[in-house]
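Asks: Requesting a structural model of the entry that follows:
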Amino acid sequence: MTLLERIGEWAAGLRLQDLPPRVVDALRLQVATSLSAAAWTPWHGPALAVLRARRSPGDALVLATGDRIGPADAAFVNAAFAMALDHD
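Replies: Numbers count the residues shown, from 1 in each chain. Now for the predicted structure:
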């Protein structure tokens, strides 16, 4: 098993109750800010270009636009929208 596989297995087995409260608080804040950023940047040209490039059949939601695409592509596109303003 590779190092990344071991880390992935460890992470997949984590439960919120396994984490210290300060880590859970930080996690909640990170999730909230990432979802907010992803949902409120539907106008961002480069992120829209990622969406155009990653369209695939599926039912997973692109938060910023409401498009439905394949799950792996939706994860990629939502991440692009969430990070779109990081470097502007």
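
Asks: Only C-alpha atoms from now on, for both contacts and neighbour counts.
Replies: OK.

Asks: I'd like the next helix or strand past the least confident helix or strand in the chain by mean pLDDT.
Replies: Within the chain, no helix or strand scores below helix 21-39, which has a mean of 92 by mean pLDDT, DSSP states H and E. Per DSSP states H and E, the first helix or strand lying C-terminal to helix 21-39 is helix 45-53.

Asks: Identify all contacting residues around that following helix.
Replies: Contacts to helix 45-53, defined as CA atoms under 8 Å, 6 or more residues apart in numbering, come from residues Pro42, Val77, Ala80, Phe81, Ala84.

Asks: now, which of those residues sits nearest Leu29?
Replies: Set against Leu29, the nearest of the contacts of helix 45-53 by CA to CA is Phe81 (17.4 Å).

Asks: Quick check: buried residues in the least confident helix or strand of the chain?
Replies: Ser34, Leu35, Ala37, Ala38, Ala39 (16 or more other CA atoms under 10 Å).

Asks: quick one: the closest residue to the first one other than its chain neighbours from Pro42, how far?
Replies: Computed as CA to CA, 6 or more residues apart in numbering, the closest residue to Ser34 that is not its neighbour in sequence is Ala82, at 5.4 Å. Ala82 is 10 Å from Pro42, where distance means CA to CA, to the nearest Å.
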